[in-house]
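J.: the following comprises the amino acid sequence and a computationally predicted model.
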Amino acid sequence: MARVYNFSAGPAMLPEEVLKTAAAEMLDYKGCGMSVMEMSHRGKQFEGILAEAKASLKRLLNIPEDYSILFLQGGASMQFAMVPLNLFGKTKKADFVDTGTWSLKAIKEAKKYGAANVVASSSDKKYSYIPKLDAAKFSPDADFFHITTNNTIEGTRFAKLPETGNVPLVADMSSNFLSEVYDVKKFGLIYAGAQKNAGPAGATVVIVRNDLVGHALDITPTMLDYKTAAENDSMYNTPPCYSIYICKMVFEWVEKLGGIAAMQKRNEDKAKILYDALDNSKLFKAVVAKEDRSLMNVPFVSPSEEIDKKFLAEAAKEGLVQLAGHRSVGGMRASIYNAMPVDGVKKLAAFIGKFEKENS
Ligand SMILES: *Cc1c(COP(=O)(O)O)cnc(C)c1O
C-alpha cells in the first residue's frame, strides 16, 4: 500500500527518510550485528547515539551551556507533575495561563503540590483564542510561570511569549517543538513529548536551566527528580533507547533541511495554504482567532456532523487520513507537523475545494 498523508495529532507522521534509515539499520546497526533495540544502553554504540542526539538538538536550538538536555519517559503528562515537584522549591506558588485541555491538566497536577494561580483563561470562548495577559496579575514571587506554547486540541498558539521577569518561564512545547524559532534563554524549562514533532512515543525531551535542578520537594520520587537524570546523563536507568535513536535522526533531518528557521518558513507556507483554503470556503470554517492560529494543528468545522462524516470518509479514500477532530471538540483537525510534506497540505487544500463544489 502506498503511504498516506497522515494528519494525526500524535503519534504523527515521521520523515520518510528517517523511517527508511531505521528500516535499513533494523537488523544490523552500523555493522554491530544487532538492532538498536537489542543493544545495551551502556555500550559504546548507544552512548554515541545519545551524545549525537544531544549535540544535534543543541545546535538546532542554540541551547546555552548552562542548560541540560534530558531524555525522560512518562510523556508530557509526567511533566505536569515533575515540573511542580522540582520547581516548587521556594514559595510553592506558580502562575498558569489556561489555554485548554493540556494546560488544565498541568494546573490540576500542580495543585497537588502547591498553589496554581490562573492569570488568564480563554475558557469563555471554548479556548478559540489566546487570552491577553495582564502583568499586574502575575505573582512576582512565583516559583514558575507555565504556558502551553501550542494548544494541540484547540489549535491556538502563543504568537508572543509573556514577559515574566525573574520568574522562570516553563513551556509545554509538545506540539510545536522544533517547528519555529525560540530563544531558549527566555525559558527556565521546556518540555515536549516526542511523538508530535520529534520522534516516536516513549521519549520526552526536557531542556532545563541548571540552577532549577536540585531543589525538588522531599517527597519527589528519585525517578522524578531532574537531578537524577541530569547527573546520570539520562541514564540512571534504562532510557527509551529506540525512541532516542529515532529522535536523533529526526533532529539531524531538521538540520539537513536548514535548521529551525527554514523549518518555520516551510511550516508558515504550509499553514497559509490550509488556512487560505478554509477562509475561502463557504462550507468549512477555521474556528480559531486569526492572530492566534497554530502552525501545527488546524481545527475546522462544517455545518453538520453528516458533512463531517462524509468529508472524513471521502478524504480517507484519497489517502488523506486521521482528520477527525479531537473527541472533545468534534469537527475536523489537520495536524501538519514538520514531517508533513507541502504536497500533503496542497492535496488537502485542493480536496477541501473539490468537496465543497460537489456538496453545495
Ligand atoms: C500530546 C500533548 C500532551 C500529552 O502528551 P503525552 O506524551 O501523551 O503525555 C501534553 N501537552 C501537549 C501540548 C500535547 O500536545
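T.: It's in. Residues are numbered from 1 along each chain as shown.
J.: what about the spatially closest residue to residue 271 that is not a sequence neighbour, distance to residue 321?
T.: Spatial nearest neighbour of residue 271, chain neighbours left out: residue 295 (4.5 Å); criterion: Cβ to Cβ, 6 or more residues apart in numbering. Using the backbone N, CA and C atoms, a C-beta is placed for each residue, glycine as well. To residue 321, residue 295 is 21 Å away according to Cβ to Cβ, to the nearest Å.
J.: the more surrounded of the two?
T.: Per other Cβ atoms under 10 Å, whichever of residue 295 and residue 321 has more neighbours is residue 295, with 24 against 15.
J.: from residue 239, how far out is that one?
T.: 30 Å.
J.: just give the nearest non-adjacent residue to the closest residue to the ligand within the stretch 1-150 of the chain, would you?
T.: At 2.6 Å from the ligand, residue 75 is the closest residue in the stretch 1-150 of the chain, using Cβ to the nearest ligand atom. Leaving aside its chain neighbours, residue 75 sits nearest to residue 193 (4.7 Å; criterion: Cβ to Cβ, 6+ apart).
J.: who's that neighbour bridged to?
T.: Applying DSSP bridges to residue 193 gives these bridge partners: residue 204.
J.: what's the longest helix along the chain packed up against?
T.: Secondary structure of the chain per DSSP state H: the longest helix is helix 259-279. On a contact count with 3 or more Cβ pairs under 8 Å, 6 or more residues apart in numbering; DSSP states H and E, helix 259-279 meets helix 44-61, strand 285-286, strand 297-301, helix 342-358.
J.: which outside residues touch the second one?
T.: Residues from elsewhere that reach strand 285-286 (Cβ atoms under 8 Å, 6 or more residues apart in numbering): 155, 275, 278, 279, 293, 298, 299, 300, 301, 302.
J.: over to stretch 240-249?
T.: Counting by Cβ under 8 Å, 6+ apart, 14, 18, 21-22, 36-37, 39, 41, 46, 49-50, 52-53, 56, 71, 73, 194, 198-203, 205 sit against stretch 240-249.
J.: coming back round to it: the residue nearest to residue 271 against residue 159, yeah?
T.: No - the pair residue 295 / residue 159 is not scored as a contact, 10.0 Å apart, by Cβ atoms under 8 Å.
J.: where are the low-confidence patches of the stretch 251-360 of the chain?
T.: By pLDDT under 70, the stretch 251-360 of the chain contains no weakly predicted segment.
J.: separation between the residue nearest to residue 271 and the ligand?
T.: The gap separating residue 295 from the ligand is 14 Å, by Cβ to the nearest ligand atom, to the nearest Å.
J.: how close does that residue sit to residue 340?
T.: 11 Å.
J.: mind listing the shared neighbours of these two?
T.: Common neighbours of residue 295 and residue 340, using Cβ under 8 Å, 6+ apart, are residue 270.
J.: burial of residue 78, as a residue count?
T.: Considering only other Cβ under 10 Å, residue 78 is surrounded by 18 other residues.
J.: how about the residues of the stretch 151-300 of the chain near the ligand?
T.: Contact residues, the stretch 151-300 of the chain versus the ligand (Cβ under 6 Å from any ligand atom): 152, 172, 174, 175, 193, 196.
J.: okay if I get these as a markdown table plus neighbour count and distance to residue 62?
T.: Below are those laid out as a markdown table (neighbours: other Cβ atoms under 10 Å; distance: Cβ to Cβ, whole Å):
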| residue | neighbour count | distance to residue 62 |
| --- | --- | --- |
| 152 | 27 | 25 |
| 172 | 29 | 20 |
| 174 | 27 | 20 |
| 175 | 30 | 21 |
| 193 | 28 | 22 |
| 196 | 28 | 21 |
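J.: which members of these define the maximum pairwise distance?
T.: Spanning the widest gap among those are 172 and 196, at 10.9 Å by Cβ to Cβ.
J.: for residue 122, which non-adjacent residue is spatially closest?
T.: residue 131 (4.6 Å).
J.: just confirm the one you found is within a helix.
T.: No - counting by DSSP: H, G, I helix; E, B strand; the rest coil, residue 131 is not found in a helix; it is coil.
J.: my guess is it meets residue 100, correct?
T.: No - shown here, residue 131 and residue 100 do not form a contact pair, counting by Cβ under 8 Å, at 10.9 Å.
J.: compare those two (neighbour count), which wins?
T.: Set side by side, residue 131 and residue 100 show more neighbours around residue 100, with 24 against 19, by other Cβ under 10 Å.
J.: the stretch 151-300 of the chain: strands as residue ranges?
T.: In the stretch 151-300 of the chain, the strands defined using DSSP state E, counting those that start in this stretch lie at 156-157, 169-172, 189-193, 204-209, 285-286, 297-301.
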